[in-house]
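J.: Fold the following.
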Amino acid sequence: MTTMKLGIVVVYLLKKENEGLLDLHLSQIERFTVVPYTIYGSVNRLLPEFRTKLYRHPKVKICECPTTPLRSDEEQVYYLDHLIREAIGDDVSHIVTMHIDSFPIQAGWAETLARKLSETCVFAAPYYGNYTACLFFQRDFYLKYQPAFRLSERDLSSEQYRKFCKKFDHIPHAGVGYFFKAYSEGLSWHSLMESNRGNAHFVFISSIYDDLVFHLNAAAYSENEPVANTRFIRAKKWGWRYFWSHVLRIILLSKTQQQLAGAKRFVIPRHLLGQGWKHIGFPMFYKPIHWHERTQLLENPESYLNYLRTGKRQN
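T.: Numbers count the residues shown, from 1 in each chain. Purely as a prediction, here's the structure:
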């Protein structure tokens with residue numbers, strides 16, 4: 001097997017109070033990535049002090065991308081496309097997308113994911129969660145199939161997409177286009193599954209995937225404010241699923257539910273809430289829970305991550 005040359009692509013977008021997450025993200029990548037790697041980062045709209053920190057980092061290559069007025073997922077996709085092309089131009093063998101709040105937690109993580117891939121199994125990614133927090137693929141797959149992060153209107157109205165929806169539940173996050181491309185070409189993927197033993201009550205917050213990668217979630221938004229949660233899966237537009245998607249939307253997005261969600265003692269079984277959120281998208285109103293988990297992570301990363309992995313608190 002030839003030596004892996006890994007390109008880690010990240011859209012760097014964060015507020016001042018998340019500097020600790022940026023430092024942890026960089027240190028964890030350096031600590032646990034043993035193959036040759038370069039971080040390809042975009043810094044549009046990033047605070048000057050963070051730009052300076054990244055410019056000085058020996059493993060970070062800042063890619064000067066034209067600024068876009070797009071926001072949310074569309075902005076992320078725009079910059080990711082630029083970063084991937086930059087990495088491909090540097091002749092990387094593998095590419096992985098990450099966020100400022102996602103990073104490896106085990107040495108050999110990249111090699112482990114690379115071994116999951118083949119000519120027919122073409123990428124690895126969280127199947128329930130935010131796909132681009134760790135979307136890992138080979139350059140040959142990208143060059144041959146040219147997958148898109150988002151689906152076009154033509155894709156969404158196609159019979160192929162209708163079949164895809166009937167077979168696979170999904171959230172319309174950036175990255176879903178990779179799943180649809182693989183499905184359309186008769187290919188498969190490796191689903192990174194949540195392996196948390198601790199903190200299993202809040203879906204999509206502080207997730208450990210395959211005991212290899214951590215993702216806090218929600219910190220990548222520059223404003224760190226809830227995004228209007230009006231999207232739901234087009235796969236649910238047929239039959240009874242369309243009706244229940246609206247019922248779940250009313251229940252989970254109600255003012256009372258949002259207030260309860262921020263209460264520390266309020267516990268919602270992850271599997272039940274996850275089923276609901278598959279219908280309406282990620283609940284960005286869970287900011288109090290996100291902030292609570294983020295605080296624990298930054299206070300003692302080693303202890304917190306160990307708790308997530310094992311379910312045991314360190315003294």
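
J.: pretty sure residue 10 contacts residue 99?
T.: Yes: Residue 10 lies in contact with residue 99 (CB atoms under 8 Å); the separation is 6.9 Å. The C-beta positions use only the backbone N, C-alpha and C, and glycine is treated the same way.

J.: If you count surrounding residues, which of those two has more?
T.: For residue 10 versus residue 99, neighbours defined as other CB atoms under 10 Å are more numerous around residue 10 (28 against 25).

J.: Distance from the chain centre to the helix or strand harbouring that one, please.
T.: Element membership for residue 10, per DSSP states H and E: strand 6-11. Here the centre of strand 6-11 is set off from its chain's centre by 13 Å, with CA atoms, centre = their mean, to the nearest Å.

J.: Give the buried residues for that strand.
T.: Buried residues in strand 6-11, counted by 16 or more other CB atoms under 10 Å: 6-11.

J.: so which two of the residues you listed are the farthest from each other?
T.: Across these, the longest distance by CB to CB is 17.4 Å; it joins 6 and 11.

J.: picking that back up, would you reformat the buried residues of strand 6-11 as TSV and include pLDDT and distance to residue 93?
T.: As requested, these are arranged in TSV below (pLDDT from 0 to 100; distance: CB to CB, whole Å):
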residue	pLDDT	distance to residue 93
6	98	7
7	98	9
8	98	13
9	98	14
10	98	18
11	96	22
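
J.: which helices and strands does the strand holding residue 10 pack with?
T.: With contacts taken as 3 or more CB pairs under 8 Å, 6 or more residues apart in numbering; DSSP states H and E, strand 6-11 sits against strand 37-42, helix 72-89, strand 94-98.

J.: what's the angle between that strand and strand 94-98?
T.: Relative orientation of strand 6-11 versus strand 94-98 (axes from the mean of the first three to the mean of the last three CA atoms, to 10 degrees): 30 degrees.

J.: ok, and what's touching the helix or strand just after strand 6-11?
T.: Sequence order places helix 19-32 as the next helix or strand after strand 6-11, per DSSP H and E. Helix 19-32 is contacted from outside by 8, 10, 12, 14, 37, 39, 50, 53, 57, 59-60, 98, 100-109, 214, 216, 219, 294, 297-298, 301, using CB atoms under 8 Å, 6 or more residues apart in numbering.

J.: swap in stretch 111-118?
T.: 4, 34-35, 94, 96, 106, 123-124, 136-138, 141, 190, 210, 212.

J.: Among those residues, name the buried ones.
T.: Taking 16+ other CB under 10 Å as the criterion, what is buried in the contacts of stretch 111-118 is 4, 94, 96, 123-124, 136-138, 141, 190, 210, 212.

J.: Tell me the one among those residues nearest to residue 307.
T.: residue 212 (16.8 Å).

J.: pretty sure the closest one is touching residue 106, no?
T.: Yes: Residue 212 is within contact range of residue 106, at 5.3 Å (criterion: CB under 8 Å).

J.: Now the buried ones among the contacts of stretch 111-118 in a markdown table, please, with extra columns for pLDDT, distance to residue 115 and secondary structure.
T.: Shown next, in a markdown table, are the buried ones among the contacts of stretch 111-118 (pLDDT from 0 to 100; distance: CB to CB, whole Å; DSSP: H, G, I helix; E, B strand; the rest coil):
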| residue | pLDDT | distance to residue 115 | secondary structure |
| --- | --- | --- | --- |
| 4 | 96 | 11 | coil |
| 94 | 98 | 11 | strand |
| 96 | 98 | 14 | strand |
| 123 | 98 | 13 | strand |
| 124 | 98 | 10 | strand |
| 136 | 98 | 11 | strand |
| 137 | 98 | 14 | strand |
| 138 | 98 | 12 | strand |
| 141 | 98 | 15 | helix |
| 190 | 97 | 10 | strand |
| 210 | 96 | 12 | coil |
| 212 | 98 | 12 | coil |
